[in-house]
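Trainee: No sequence on hand, only this structure:
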């Protein structure tokens, strides 16, 4: 029996009801399909519309735009339940927690009315395209260009590792509108890609983990996009927009990792209490108890830190360095805990039928995406040196 978690200051009865809805959805309508989705490398398209019907999309977007009218806490609860169920074959974080908020904060009224209601309903899946084959974390050096031609931009380039890339009908693309201006030459353009000449999706990428997630490359060849799709109404604001919103993305990653960490401890506790070694439960060995005590302590510290960050983001006081701390420390700790938990499973931990084995491969990317953890440490160090 695991230790009871401490009460969470930001929870309330409404959020508990949302948690119940999200838990039932992920456990009953997603978990049974995980193996099929992993084999086909993507979730079924209909699951997005079902999530929309249940109010699990754009929960933090105002009702005026079709959203749930909640706050970041609502998105945090949904994120936790998705990761507790280990359903990572489609990213609600990218769709609802990231792209929808770029539109909400920087979009024109026309842009918000055009795209957010369809996103909330699941009729339109969203993705964000930042990473390029030759420019991963270094967004200042992206090569994808957007050249103004009358009332349109002509976009050329490629993006890689795009989450939700197969189903996305709306993509927020980071482009260079001025190739000589460095960070000040970066802009964000919203693109409705379905049937758009010059747009092409690459093949679904093979990954060691999160195999059901539709991750693809995107290619743009003289792709014409209305200039009215520029986000923020002025060229060159894209890098600042990305930097302002990345703390939200990084906290969502930390929330998911903290939840996965606790799930790993819970799975392992159940296993070692049942597994017999030398005529006694594996839990009877002091090494097992000490290792699990260490893992539970890390999981508790992670949750406490993340809960504080959730409250601060909801209050508008979460700063960039603290979000970076949460992202790197929690994702690193999750990988450490899962490794210890897999070891306690022995040979069975290496078998795909045990959840811990999938957690092991699924969690590893957390130290890479959303900004590599080495970059997170650089962000923190620069803030310290000011």
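Mentor: Yep, that arrived. Note that this is a predicted model, so its numbers are computed, not measured.
Trainee: Report the contact partners of residue 170.
Mentor: Contact partners of residue 170, counting by Cβ atoms under 8 Å, 6 or more residues apart in numbering, are 99, 115, 119, 124-127, 190-193. Every residue, glycine included, has its C-beta placed from N, CA and C.
Trainee: what sits opposite it in the beta ladder?
Mentor: When bridges are assigned using DSSP bridges, the partners listed for residue 170 are residue 126, residue 192.
Trainee: Show the average pLDDT along the helix of greatest length in the chain.
Mentor: Counting by DSSP state H, the longest helix found in the chain is helix 238-274. When pLDDT is averaged over helix 238-274, the result is 95.
Trainee: Centre of the chain to that helix, how far?
Mentor: The gap between where helix 238-274 is centred and where its chain is centred comes out at 9 Å by Cα atoms, centre = their mean, to the nearest Å.
Trainee: before we move on, which element is residue 213 in?
Mentor: No secondary structure element spans residue 213, as it lies outside all helices and strands (assigned by DSSP states H and E).
Trainee: Kindly report the same for residue 173.
Mentor: When the helices and strands are read off by DSSP H and E, the one containing residue 173 is strand 170-176.
Trainee: Any idea how far that strand is from the middle of the chain?
Mentor: The mean C-alpha position of strand 170-176 is separated from the chain mean by 17 Å, Cα atoms, centre = their mean.
Trainee: what does stretch 277-289 give?
Mentor: 37 Å.
Trainee: and if you look at stretch 372-381?
Mentor: 18 Å.
Trainee: Tell me which residues touch the nearest residue to residue 130 once chain neighbours are set aside, please.
Mentor: Among residues not flanking residue 130 along the chain, residue 174 sits closest, at 4.7 Å (Cβ to Cβ, 6 or more residues apart in numbering). Residue 174 makes contact with 128-130, 139, 142, 144, 186-188, 238, 242 under the criterion Cβ under 8 Å, 6+ apart.
Trainee: mind redoing it with 7 Å?
Mentor: Contact partners of residue 174, counting by Cβ atoms under 7 Å, 6 or more residues apart in numbering, are 129-130, 139, 142, 186, 188, 238, 242.
Trainee: And residue 337, by the same measure?
Mentor: When contacts are taken as Cβ under 7 Å, 6+ apart, residue 337 is in contact with 261, 264-265, 295, 298-299.
Trainee: And for stretch 230-249, what's in contact with it?
Mentor: By Cβ under 7 Å, 6+ apart, the surrounding residues in contact with stretch 230-249 are 97-98, 101-102, 106-108, 139-140, 174, 177-178, 181, 183-190, 313, 318, 320, 323, 370-371.
Trainee: So which of those residues belong to helices?
Mentor: By the criterion of DSSP H, membership of the contacts of stretch 230-249 in helices covers 101-102, 106, 313, 320, 323.
Trainee: what's the domain layout of the chain?
Mentor: In terms of domains, the chain is parsed into 13-124, 128-236, 239-385 (source: automatic domain parsing).
Trainee: And the longest one, end to end?
Mentor: Okay, so that is domain 239-385. End-to-end distance of domain 239-385 (Cα to Cα, to the nearest Å): 22 Å.
Trainee: again, but for stretch 176-194
Mentor: 22 Å.
Trainee: which among the contacts of residue 337 end up buried?
Mentor: 261, 264-265, 295, 298-299 (16 or more other Cβ atoms under 10 Å).
Trainee: on that earlier part again, and the contacts of residue 337, which two are furthest apart?
Mentor: Of all pairs drawn from the contacts of residue 337, the widest gap by Cβ to Cβ lies between 264 and 298 and measures 10.2 Å.
Trainee: separation between the residue nearest to residue 131 when sequence neighbours are not counted and residue 386?
Mentor: By the measure of Cβ to Cβ, 6+ apart, the closest residue to residue 131 outside its immediate chain neighbours is residue 161, 5.0 Å from it. Summarising the geometry, the distance separating residue 161 from residue 386, computed by Cβ to Cβ, to the nearest Å, is 32 Å.
Trainee: Point to the residue nearest the middle of this structure.
Mentor: Centroid check for the chain by Cα atoms, centre = their mean gives residue 93 as the closest residue, at 4.4 Å.
Trainee: The helix or strand where residue 77 lies vs helix 238-274, what angle?
Mentor: Secondary structure here is read from DSSP H and E; on that basis residue 77 sits in helix 72-84. With axes from the mean of the first three to the mean of the last three Cα atoms, to 10 degrees defining the directions, helix 72-84 sits at 50 degrees from helix 238-274.
Trainee: Nice, that's everything, thank you.
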